[in-house]
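J.: Give me a 3D structure for the following:
(chains A, B, C and D)
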2 protein chains.
Amino acid sequence: MGIGTLASRAGCQVQTVRYYEQIGLLPPAMRNAGNQRRYDNATLRRLTFIRHARDFGFSVEAVRELLGMADHPDMPCDHADAIAKRHLEEVEARIERLSALRDELKRMVAQCAGGRVDECRIVEVLSDHQQCLHAADHGGQQTIR
Amino acid sequence: MGIGTLASRAGCQVQTVRYYEQIGLLPPAMRNAGNQRRYDNATLRRLTFIRHARDFGFSVEAVRELLGMADHPDMPCDHADAIAKRHLEEVEARIERLSALRDELKRMVAQCAGGRVDECRIVEVLSDHQQCLHAADHGGQQTIR
DNA sequence: ATAAAACCTAAAGCCGCTATAGCTTCAAGA
DNA sequence: TCTTGAAGCTATAGCGGCTTTAGGTTTTAT
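T.: Numbers count the residues shown, from 1 in each chain, chains lettered A, B, ... in the order given. Model prediction:
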């Protein structure tokens, strides 16, 4: 099949397929006489795996490792387990930080009386030197799509 | 004060201050005889405002608008309120998506028996053609720091 | 006087794609 | 067979919000 068919079957864009080839998640594709990429079902399965893993929020580097493991079915799966657990922890940490943020925002919005800017609780909170959040989300691969 | 003092008082990096000047969040700084930036307390307050707003997860564009409003204390604060409310909604949506993701990950991890890769539930779920998440997080300014 | 620390500019890198520009090849209909 | 439009190709730039690097200048402390 061509790259368009592959992409639509895997649920991603054509450029994304080329990008994955470029960064080595997919092997260099076979080409037809006119230099266009041709794919088999094995590549479709690989791409589907990649997309699922990305949908789960795994980073490209994690996907690379998971792919490496999927390629060796006879090996123990401890490492896959560890990667998934670590990712779960990161997601949970992110949820916690965002929840704290949500609470602060809620309080802020609730206290805005809707008058002039100089009476506005929103602007006030942001101006306040004392206020500190430290809700640091040093987000890694947070674009979960 | 110099840029280092300013940055440390506002709790950010020196380069970030220069970056904010470059994108127009901070006005072009005064310079001393040796071309080094000098700041007053008004700029420190402005930078602190910016950092707080960023800590709250507001995008730079939103911060730009909020700053514009903070500069006009006599205007009505409807728009500040609207920006904050919209941001709150986005944060809540993000939490929901991440929570769904967390549940999926938990299930996945719980089902891994710790054997070989070809029996591993983690690899299996990712390989499965049927599985779909659609937990799309088309994250805007999600790096909350 | 000297050395270390802080400062300067300009440009590239990060992540994971997405979009653009300017071409070539393919497939279907007349 | 010819034509047209869709799909494909490569290379490069752009997104957000900084961070890092390179290579230089100025300030500050001893």
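
J.: so what's the backbone phi/psi at the closest residue to DNA strand C within chain A?
T.: Closest contact between chain A and DNA strand C, by C-beta to the nearest atom of the strand, is at residue A:34 (2.1 Å). The C-beta positions use only the backbone N, C-alpha and C, and glycine is treated the same way. Dihedral angles of residue A:34 (phi, psi; degrees, to the nearest 10) stand at phi -90, psi 20.

J.: Does the longest helix along chain A reach chain B?
T.: Among the segments of chain A that qualify as a helix by DSSP state H, the longest is helix A:78-111. Yes - using C-beta under 8 Å from any C-beta of the partner chain, helix A:78-111 comes into contact with chain B via A:78, A:80-81, A:84-85, A:87-88, A:91-92, A:94-95, A:97-99, A:101-102, A:104-106, A:108-109.

J.: residues in chain A within reach of DNA strand D, list them.
T.: Within chain A, the residues that sit near DNA strand D (C-beta under 7 Å from any atom of the strand) are A:2, A:3, A:4, A:5, A:14, A:15, A:18, A:29, A:31, A:35, A:36, A:37.

J.: sorry, back to before: can you select the buried ones from the residues of helix A:78-111 next to chain B in PyMOL?
T.: Buried members of the residues of helix A:78-111 next to chain B, defined by 16 or more other C-beta atoms under 10 Å in any protein chain shown, are picked up in PyMOL with:
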select buried, chain A and resi 80+81+84+85+87+88+91+94+95+97+98+99+101+102+104+105+108+109
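
J.: How far off centre is the longest helix of chain A?
T.: Helix A:78-111 sits 14 Å away from the centroid of its parent chain (C-alpha atoms, centre = their mean, to the nearest Å).

J.: quick check: angle from it to helix B:78-111?
T.: 150 degrees (axes from the mean of the first three to the mean of the last three C-alpha atoms, to 10 degrees).

J.: moving C-terminal of helix A:78-111, what's the next helix or strand?
T.: helix A:121-127 (DSSP states H and E).

J.: Closest residue of chain A to DNA strand D?
T.: For chain A, C-beta to the nearest atom of the strand, closest residue to DNA strand D: residue A:4, 2.5 Å.

J.: Might one say that that residue is in contact with residue A:13?
T.: No - counting by C-beta atoms under 8 Å, residue A:4 does not reach residue A:13; the two are 9.8 Å apart.

J.: if we can go back for a sec, list the contacts of the helix or strand containing the residue of chain A closest to DNA strand D.
T.: Applying DSSP H and E as the criterion places residue A:4 in helix A:3-10. When contacts are defined by C-beta atoms under 8 Å, 6 or more residues apart in numbering or on different chains, helix A:3-10 is touched by residues A:1, A:13-14, A:16-18, A:29, A:36-37, A:39, A:43-44, A:47-48, A:50-51.

J.: Which helix or strand lies directly C-terminal to it?
T.: helix A:14-22.

J.: near DNA strand C at all, that next one?
T.: Yes - legend: contact between helix A:14-22 and DNA strand C by C-beta under 7 Å from any atom of the strand is shown at A:15, A:16, A:19.
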